[in-house]
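Asker: Mind looking at a prediction? Sequence and model below.
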Amino acid sequence: MNNNEFLLDDLEGIEGLKEFDAAEHLTTKEAIAAYLNSALASGDIEHFKDAMKTAARAEKMAKIAEAAGISREGAYKALKVGSKPQMSTILGLLNALGMTIKVVPKAADDNSYAAAA
């Protein structure tokens, strides 16, 4: 174990404490949307894919994958770390979750290429 890694098993006297699973708390469409929007706003695609996987698990991955037209295994493969899923797969999974992506202009004070141009 490195110095930055924390494992519940390393604590003494807290038997029965389970690891936090965000999927257990994503019980409404609004909660899922807020969770996904927060991950998307981070700009980290790996974080967003992980959030999508968590949201799909909250809604039952097999059901979401089927509605998206892919297998359960295909959904997990598309959302795993290092994967490069096609946009159609992401949009299909979002649609199956009852979500959509909306593109809006960035704020003028955003430090991005568009703001510098």
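Answerer: Looks like it arrived, so ask away.
Asker: Report the contact partners of M52.
Answerer: Under the criterion of Cβ atoms under 8 Å, 6 or more residues apart in numbering, the neighbours of M52 are 36, 39, 79, 90, 93-94, 97. All C-beta atoms are positioned from the backbone trio N, CA, C, and that covers glycine.
Asker: for the residues you listed, which one is nearest A58?
Answerer: Of all the contacts of M52, A58 sits closest to L97, with 9.0 Å by Cβ to Cβ.
Asker: dump the residue contacts of the residue nearest to the spatial centre of the chain.
Answerer: Centre of the chain computed as the mean C-alpha position; nearest residue by Cα atoms, centre = their mean is A51, 1.2 Å away. With contact set as Cβ under 8 Å, 6+ apart, A51 has these partners: 35-36, 38-40.
Asker: do the same with L91
Answerer: Per Cβ under 8 Å, 6+ apart, neighbours of L91: I101.
Asker: My guess is I32 contacts L26. True?
Answerer: Yes. With contact defined as Cβ atoms under 8 Å, I32 reaches L26; the gap is 5.0 Å.
Asker: overlap in contacts of these two?
Answerer: Joint contacts of I32 and L26 (Cβ under 8 Å, 6+ apart) are 55, 58-59.
Asker: most surrounded residue in these?
Answerer: Among those, A55 has the most neighbours (other Cβ atoms under 10 Å), with 26 neighbours.
Asker: for that residue, helix, strand, or coil?
Answerer: Secondary structure, DSSP: H, G, I helix; E, B strand; the rest coil: A55 is helix.
Asker: State the distance from it to A34.
Answerer: From A55 over to A34 the distance is 11 Å, taken as Cβ to Cβ, to the nearest Å.
Asker: And for T27?
Answerer: 12 Å.
Asker: likewise R57?
Answerer: Computed as Cβ to Cβ, the R57 to A34 distance reads 17 Å.
Asker: which one of those two has more residues nearby?
Answerer: The neighbour comparison of R57 against A34 (other Cβ under 10 Å) goes to R57, with 18 against 12.
Asker: is it true that that one touches A22?
Answerer: No. R57 is beyond contact range of A22, at 9.1 Å (criterion: Cβ under 8 Å).
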